[in-house]
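S.K.: Dropping a prediction and its sequence here:
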Amino acid sequence: MNRTVARAAALLVSALVALPGTAAAAADEGDGPLIVINNVYQRADGDIFNVGHDNVVGSGNGNGAQPSGVGAPGVSEAAVRIKTGARLPFSGVRLVSREGSGEYPSALYPNYAAVVPIDGSSTVVYRSEGGAGQVRVTATVDAGGRALPNCAADGNLDCRVDYDGQGQYVVIDGH
């Protein structure tokens with residue numbers, strides 16, 4: 001009994017010691033939590049786990065079936081990636097129009113990320129509450145099957161196209 005209580009106490013102490021490091025690591029992220037919406041199908045044939053930021057790891061050791069949709073043979077893997085900044089209005093920006101392919105989110109909020117698979121040209125318009133700002137995101141698919149996004153903003157909103165290891169993405173923020 002005493003040995004069990006001692007082990008439980010030791011585990012509790014080690015868990016409490018680890019908490020400040022976890023809190024410090026979260027504080028280093030800067031602008032708070034990042035909401036990620038991802039509807040791109042991923043094939044890992046085994047366990048899939050998120051290791052933070054944009055990294056998803058799969059073991060590839062199983063015999064799982066390939067899902068239909070993006071990532072399936074013969075289907076375009078083009079996707080528009082959208083990230084928002086901390087200065088985006090707290091109430092977010094709402095989708096007011098959409099043309100072409102892609103199921104874009106109905107609203108974008110600060111520190112938000114979305115991945116929208118497309119199979120052709122698309123145009124979406126987001127507007128801030130009261131019409132104080134507007135962003136138009138356009139995208140085409142190149143001959144290699146990659147999405148090429150672009151954007152324009154006015155009013156209290158800004159946008160730009162940026163690059164990372166995964167390619168181009170649209171950044172939407174406020175002034």
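M.R.: Alright, I've got the coordinates. Residues are numbered from 1 along each chain as shown.

S.K.: in terms of contact, does residue 116 touch residue 104 like I think?
M.R.: Yes - at 5.3 Å, residue 116 counts as touching residue 104 under the criterion of Cβ atoms under 8 Å. From N, CA and C alone the C-beta is placed, and that goes for glycine too.

S.K.: More neighbours: which of the two?
M.R.: Set residue 116 next to residue 104 and count neighbours by other Cβ atoms under 10 Å: residue 116 wins out with 24 against 20.

S.K.: Give the residues shared as contacts by residue 116 and residue 104.
M.R.: Residues touching both residue 116 and residue 104 by Cβ atoms under 8 Å, 6 or more residues apart in numbering: 80, 122.

S.K.: Strand partners (parallel or antiparallel) of the helix or strand hosting residue 172?
M.R.: Using DSSP states H and E, the element containing residue 172 is strand 167-174. Strand 167-174 pairs in its sheet with strand 79-84 (parallel), strand 157-164 (antiparallel), by DSSP bridges.

S.K.: neighbouring contacts of the longest one?
M.R.: If you take Cβ under 8 Å, 6+ apart as the criterion, strand 157-164 is touched by 54, 88, 93, 126, 128, 133-135, 137, 149-153, 168-175.

S.K.: Try it again at 10 Å.
M.R.: Residues outside strand 157-164 that contact it (Cβ atoms under 10 Å, 6 or more residues apart in numbering): 54, 81-85, 87-89, 93, 126-128, 132-137, 148-153, 168-175.

S.K.: buried set for it?
M.R.: Buried residues in strand 157-164, counting neighbours by 16 or more other Cβ atoms under 10 Å, are found at 157-159.

S.K.: what's the answer for stretch 136-150, then?
M.R.: 136-141, 147-149.

S.K.: what's the closest of those to residue 112?
M.R.: Comparing those against residue 112 with Cβ to Cβ places residue 137 closest, at 13.5 Å.

S.K.: that older thread, name the member of the buried residues of strand 157-164 with the shortest distance to residue 98.
M.R.: residue 159 (16.5 Å).

S.K.: Quick check: the closest one vs residue 121, distance?
M.R.: 18 Å (Cβ to Cβ, to the nearest Å).

S.K.: Could you point out which residue ranges in the protein have low pLDDT?
M.R.: Across the chain, the ranges flagged by pLDDT under 70 are 1-76.

S.K.: sorry, back to before: can you select the buried ones among the contacts of strand 157-164 for me in ChimeraX?
M.R.: A single ChimeraX command selects the buried members of the contacts of strand 157-164 (16+ other Cβ under 10 Å):
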select :54,81,82,83,84,88,89,93,126,127,128,133,134,135,136,137,148,149,151,153,168,169,170,172,173,174
